[in-house]
Structure formats: C-alpha cells, structure tokens
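>>> What shape does this take:
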Amino acid sequence: MNLILCGGGWGQKNTSSNKLFESLIKGSKPVLYIPLARERSDDNYQYCKTWLITKAFKDIKLGDIIVLHSAEEIADKSINDFGGVFIGGGNPYKLLKELTDGRVIDWLNKYLQTDGVIYGSSAGAMLFGKNVDSAEYLVKNEVGLQNTDGLNKVFGMSIAPHYTNANNSISQKATTYLVKYSKKTPVLALPEEDSLYINNKNVTVIGTKPYCFFVDGKSVEFQPNITYAKETFVCVR
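You can find the predicted model right below:
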C-alpha cells in the first residue's frame, strides 16, 4: 500500500508530496483522476484536469491523466491499468456518497491491496479516515449521506484538512469543533503544507508546518518529516 493524504494545498505547498507521488507511479501507466467531490459537469471536470496539470502538479512529470467523470465508469477500469490514482478536493459527503453508490470504494480497496499508489487531497484525504464528519464545521452534508464512515486506513483516526490555514476565527472554530469531535473519534489535523504518507511498513508526515493529533478532547502538536513504524505512530497519537 502507498497512500498519500494531503491537507489540501497545491503547487509549491506540496512539492515534497508531489515528488513522492511521481516517484511511486508505476512505469508509464496513466493516472486516474477522481474529481467527484466537485459538482459534476464535463466543463468543470475538464477545468479541474487542466488545473491539475498546470497548477497543482506543475513541478512534476506525469503521463496521461484519465478523468473519472462518473462513478459508474469504474466498471470499465482495471486496477492494472493505472500507475496511480489522484482524488481531489471538494465536498467529502458528495465524494463518499458517489464512490459508495458506484462501488468505487471496492475498487480503491483492491487497488491498495495490489500495492497501488493513491494520492488524496482535502476531501480526497478525508475519504480514507474513519469518518468524514471531521470537517462538518467547514462543509455540510448536503447530499443526505446516512453512513459517513470512510475507508478507515489511518489507524482509526479521521482526517481534518486545511488546519490553521484559514483566518484566526475559522482556525479557532476548527479547534473547538475538533476538541469536541475527538472525544468519540481521534483526529489527525493537517495543514495544507503537510501530507501523511503510509506504506506497508512506515508512516511519515511530510511537510513544512506542525500538525496536530486530537484525542479524547485534547490536542498535541508534532513536527513533520519524522518516520515512524506503524505501531509506533499509533502510540504517538
């Protein structure tokens, strides 16, 4: 498994994680881009693809990028066809609902099991946490999603992106919400400059700003760029 979960930045904020993604992509195979957290339209998704190439990933070289315009299209995609998968930001509730209804969740799990490379940003990162309600202070469940549980690939923790990147008022709102939320579910709060990288052995938060664990109503700050064994990382938080 190679899983990169970004706090939601792009471009120079994520140079290290972008280059990691580039290094992990298998050969010359294309990258599957899943923009389904955003409003669906061909024009919108084409704009997202252009933005991805010219802005978000301008510092790395990728092969062809295949856009998944609807979850139903996954039925025609083989996990062996792609060197990597990128899941972009937007509304995490919409993303989870579409991927669940279209059985893309099963496809992603199988892809990870075959040592696939997935890079999720913002909502795309939250998808792999225990639950996507970790950013309910920021975005609402407007799609009527009943089960908000994610893929739970982060040791029982939820992911909170964009942490401390907004103004002081919103940052304080986030902290207050996460303190309360963490009494039932622990949270890894990532600023836009940081990304969590999990492989089969180790865990590293790559980036340039401190990140926080929220557990049992308390927060603890850690510095990035320290590699932990999986079992150690769980104990750290």
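
>>> pLDDT below threshold where in the chain?
Regions of the chain meeting the criterion pLDDT under 70 cover residues 234-237.

>>> what about the residue most central in space within it, helix or strand, and which?
Note on the chain: the residue nearest the mean C-alpha position is A125, at 1.4 Å, using CA atoms, centre = their mean. Using DSSP states H and E, A125 sits in helix 123-126.

>>> which is the next helix or strand following that helix?
Heading C-terminal from helix 123-126 (DSSP H and E), you reach strand 158-160.

>>> buried stuff in that following strand?
Using 16 or more other CB atoms under 10 Å as the test for burial, strand 158-160 gives S158, I159, A160. Any C-beta I mention is one placed from the backbone N, CA and C, and that applies to glycine too.

>>> C-terminal to that strand, which secondary structure element comes first?
For strand 158-160, the succeeding helix or strand toward the C-terminus, using DSSP H and E, is helix 168-181.

>>> Which elements pack onto the helix or strand that that following helix is followed by?
Per DSSP H and E, the first helix or strand lying C-terminal to helix 168-181 is strand 187-189. For strand 187-189, the elements it packs on are strand 158-160, helix 168-181, strand 211-215, judged by 3 or more CB pairs under 8 Å, 6 or more residues apart in numbering; DSSP states H and E.

>>> With respect to burial, which of those scores highest?
strand 158-160 (a mean of 29; mean count of other CB atoms under 10 Å).

>>> ok, and what's touching that strand?
For strand 158-160, the external contacting residues (CB atoms under 8 Å, 6 or more residues apart in numbering) are 5, 125-126, 128-135, 150, 174, 178, 181, 185-190, 196, 214.

>>> Distance from the chain centre to the helix holding A125, please.
Centre-to-centre, helix 123-126 and its host chain are 3 Å apart (CA atoms, centre = their mean, to the nearest Å).

>>> Which strands or helices does it pack on?
Under the contact rule (3+ CB pairs under 8 Å, 6+ apart), helix 123-126 is packed against strand 2-6, strand 84-87, helix 92-101, strand 158-160.

>>> Would you mind saying which of the ones you listed lies nearest L20?
strand 2-6 (6.3 Å; CB to CB).

>>> quick revisit: quick one: contacts for the residue nearest to the centre of the chain?
Neighbours of A125 in contact, by CB under 8 Å, 6+ apart: L5, C6, G7, G8, I159, P161, L190, S195, L196.

>>> one more time with 10 Å
3-8, 87, 89, 92, 118-119, 150, 154, 159-161, 188, 190, 195-196 (CB atoms under 10 Å, 6 or more residues apart in numbering).

>>> just I66 next, same as before
K29, P30, V31, L32, Y33, I34, K49, E73, K77, D81, F82, V85.

>>> Out of the residues you listed, which is nearest to L99?
Taking the contacts of I66 together and measuring to L99 by CB to CB, the closest member is I34, at 7.7 Å.

>>> how far away is that closest one from G102?
10 Å (CB to CB, to the nearest Å).

>>> next one: E72
Taking CB to CB, one finds E72 at 5 Å from G102.

>>> Those two - which one has more neighbours?
G102 (18 against 13; other CB atoms under 10 Å).

>>> got a list of what that one touches?
Applying CB under 10 Å, 6+ apart, we find G102 in contact with L36, L68, S70, A71, E72, E73, I74, A75.

>>> Settle this for me: the last one is touching L68, isn't it.
No. In terms of CB atoms under 10 Å, A75 does not count as a neighbour of L68; the distance is 11.1 Å.
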